[in-house]
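J.: Next comes the sequence, and after it the predicted model I'd like to discuss.
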Amino acid sequence: MATITAPTEIGEVLSVTPRNESVSRKRKATPSPELSSPRKCLILSPSGAVASGSTVIRLGDVPLFAPSRRLFPSGEAIIDNRSPAEMTHARPDPPESSTPAFQFPPSRHIVLPFNLRQNRVFAGL
């Protein structure tokens with residue numbers, strides 16, 4: 001797996017589900033609106049940050065996603081879908097091909113490979 005220190009371009013979009021830790025028999029105190037919301041998260045990933053054949057992401061292995069570990073208590077996420085990112089302007093032209101674009105399911109969180117609080121600009125974003 002390649003180590004990426006600063007994102008240069010978002011290369012793919014991953015739809016992931018947090019990997020569950022061991023099941024406990026304690027009463028769950030999760031609020032009902034949170035139970036009904038989707039568990040999936042979207043990860044906008046630079047090219048090469050996640051190995052192409054992997055089905056599990058270990059967030060500690062990729063420094064860009066280490067701050068997002070609070071969203072994934074076990075530190076791992078299962079990749080449900082993977083799609084290349086297509087950068088377009090706000091009003092894209094109608095697609096010329098008859099192949100529909102992949103639609104990602106509703107997601108609870110979107111994980112970005114950069115910190116929005118920092119005043120830096122990266123190429124391709």
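T.: Nice, I can see it.
J.: thought Asn59 was touching Gly75?
T.: Careful, residue 59 is Leu; it's not Asn. Yes. Taking CB atoms under 8 Å as the definition, Leu59 is a contact partner of Gly75 at 5.5 Å. Heads up, the C-betas are built off the backbone N, CA and C, glycines and all.
J.: neighbour count winner among these two?
T.: Leu59 (23 against 15; other CB atoms under 10 Å).
J.: any idea how far Leu14 is from that one?
T.: As defined by CB to CB, to the nearest Å, Leu59 lies at a distance of 12 Å from Leu14.
J.: thinking again about what came up before, list residues touching both of Leu59 and Gly75?
T.: Residues touching both Leu59 and Gly75 (CB atoms under 8 Å, 6 or more residues apart in numbering) are Arg69.
J.: now the helices for this protein?
T.: Using DSSP state H, the helices of the chain run over 32-36.
J.: Below-threshold pLDDT in it: ranges please.
T.: In the predicted model of the chain, residues 1-8, 21-38, 87-106, 113-125 satisfy pLDDT under 70.
J.: Mind jotting down where the strands sit in the chain?
T.: Residue ranges of the strands in the chain, as given by DSSP state E, are 10-18, 41-46, 56-58, 76-84, 109-111.
J.: Output those as TSV; include the columns mean neighbour count and distance to Phe65.
T.: TSV is the format used below for the strands of the chain (neighbours: other CB atoms under 10 Å; distance: least, CB to CB, whole Å):
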stretch	mean neighbour count	distance to Phe65
strand 10-18	19	10
strand 41-46	22	7
strand 56-58	17	7
strand 76-84	16	9
strand 109-111	16	6
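J.: between these, which one is nearest to Leu64?
T.: Between Leu64 and the strands of the chain, the shortest separation by CB to CB is 7.2 Å, and it involves strand 41-46.
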